[in-house]
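Student: could you look at this predicted model? Sequence included:
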Amino acid sequence: MSPVRPVIPSGKGTYAHHAPDAPDLVGYFRLRALVTLVAVALLAVGVLLVTRGDPPHVWHGLTHGAGLALAIVSVVCFAGTGPLVLRGQTHRARFSAVDVVGAAVFAWGLAQRPYLIPTSLTVADSAGDSQTLVWLSVVSLVALLLVAPAVFFLYWLDTHGKLEPLTGSDLRRTGPTRGDVIDGD
């Protein structure tokens, strides 16, 4: 009998990466992914039913213009995710699932345009002074330029197996834990 190893999420996908070690998990996680797709579909239908009657400007935004275009993108990606999961193409299914959520979130945001708080606070009314917005943009851009390359490089190292795997001692806590008495207390 082989020893039980913890399944640690990695950039390679949890169940797909460990499938050779635990083939029974592939079917389990595939089923979970499909059940989640059905739950998302039901939730989307429920949201559409609610928005049709209550906030009519959101319904109009979701059924016209850019909101409609992004809603269609979300539906197309949603329709593509199920077959990708069934065929075991986990890498593509992951990107497709992210596209579903991203397009839906942006569609919802565009549907509420120009309001941040529906019918009471517009984007223009809530914006700060133009000089403050310029400095905020400059600082955000500098932070992005400094942080993004390091994050992408770390991601590349992880997905290409260049990082040393964690050991059991790396996962154990070595410092004091909550409730421990520290010298001098």
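Tutor: Ah, there it is.

Student: distance from whichever strand or helix holds Leu141 to the middle of the chain?
Tutor: Using DSSP states H and E, Leu141 sits in helix 130-159. Taking Cα atoms, centre = their mean, to the nearest Å, one finds helix 130-159 lying 19 Å from the centre of the chain it belongs to.

Student: look up how far Phe29 lies from Gly80.
Tutor: 19 Å (Cβ to Cβ, to the nearest Å). Backbone N, C-alpha and C define where each C-beta goes, glycine included.

Student: equivalent analysis for Arg87, please.
Tutor: Computed as Cβ to Cβ, the Arg87 to Phe29 distance reads 14 Å.

Student: of these two, which one has the most company?
Tutor: Neighbours around Arg87 and Phe29, counted as other Cβ atoms under 10 Å, are more numerous at Phe29. The numbers are 17 against 11.

Student: read off the pLDDT value for the more buried one.
Tutor: Per-residue pLDDT puts Phe29 at 88.

Student: so which residues of this structure form helices?
Tutor: Under the criterion DSSP state H, the chain contains helices at 14-17, 23-53, 56-62, 65-86, 90-111, 123-126, 130-159, 168-171.

Student: in the third one, what counts as buried?
Tutor: Residues of helix 56-62 classed as buried under the neighbour-count rule (16 or more other Cβ atoms under 10 Å) are 58-59, 61-62.

Student: among the helices of the chain, which is nearest Ile117?
Tutor: Closest to Ile117 of the helices of the chain is helix 123-126 (Cβ to Cβ; 8.3 Å).

Student: ok, back up a step: in a markdown table: the buried residues of helix 56-62, plus distance to Val134.
Tutor: As requested, those are exported to a markdown table (distance: Cβ to Cβ, whole Å):
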| residue | distance to Val134 |
| --- | --- |
| Val58 | 31 |
| Trp59 | 36 |
| Gly61 | 29 |
| Leu62 | 33 |
